[in-house]
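Participant: The following comprises the amino acid sequence and a computationally predicted model.
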Amino acid sequence: MTSERSSDAELVVPSEIRNRILERARDGVPEEICGVFGGDFEREGRSRVRSQYPATNVAETPRTRYRIDPEEQLAIFERLEARGEEIVGFYHSHPRGPAQPSATDEAQATWPDRSSLIVSLEPLEVSSWRWREDGDDERFERERIVLE
């Protein structure tokens with residue numbers, strides 16, 4: 001269940017990376033685009049994006065879903081590790097939907113304390129959500145985006 005309540009979490013994103021993701025989301029219409037964020041955890045609840053790795057959306061219905069090819073995802077994870085970065089989150093677009101996690105996004109979430117940045121194109125909005133797991137309580141909580 002998505003929680004509109006904001007947490008103390010923050011995702012620090014360089015403006016250049018945000019702009020590239022926005023451009024890619026516009027170029028990808030009508031399909032969802034997706035990728036992985038590399039970076040580090042500066043302190044509890046604060047992640048810093050240092051790099052982004054675009055991925056191919058291999059979902060059966062890419063206009064309404066996204067899925068990163070498992071082999072491509074593994075290759076991205078290996079690149080991150082080689083650079084000394086951690087997986088701080090993922091991103092994808094909702095070309096015709098809101099900038100909040102869908103029921104499918106929630107059902108497929110498996111990375112606790114990682115960010116999920118979502119780009120909505122109609123209307124244009126960028127938001128970020130952090131997946132939380134606490135016993136049986138699993139949910140996305142909205143987090144602040146800090147642009148640099």
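Facilitator: Everything's here; your move.
Participant: Give the helix, strand or coil label for P112.
Facilitator: Reducing the assignment to helix, strand or coil with DSSP: H, G, I helix; E, B strand; the rest coil, the entry for P112 is coil.
Participant: distance between the ends of stretch 42-59?
Facilitator: The straight-line separation of the ends of stretch 42-59 (Cα to Cα, to the nearest Å) is 33 Å.
Participant: Walking through the chain, point out its helices one by one.
Facilitator: Ranges of helices within the chain are 15-28, 70-82, 103-108, based on DSSP state H.
Participant: what packs against the last one?
Facilitator: Counting contacts by 3 or more Cβ pairs under 8 Å, 6 or more residues apart in numbering; DSSP states H and E, helix 103-108 is packed against strand 137-147. C-betas here are computed from N, CA, C, even on glycine.
Participant: repeat for the second one
Facilitator: Applying 3+ Cβ pairs under 8 Å, 6+ apart, one finds that helix 70-82 contacts strand 34-43, strand 46-55, strand 86-94.
Participant: repeat for the longest one
Facilitator: Applying 3+ Cβ pairs under 8 Å, 6+ apart, one finds that helix 15-28 contacts strand 46-55, strand 86-94, strand 115-121, strand 137-147.
Participant: what is the orientation angle of that helix with strand 34-43?
Facilitator: Computed by axes from the mean of the first three to the mean of the last three Cα atoms, to 10 degrees, the angle separating helix 15-28 from strand 34-43 equals 160 degrees.
Participant: Show me which residues of helix 15-28 are buried.
Facilitator: Buried positions in helix 15-28, judged by neighbour count with 16 or more other Cβ atoms under 10 Å: I17, R18, I21, R24, A25, G28.
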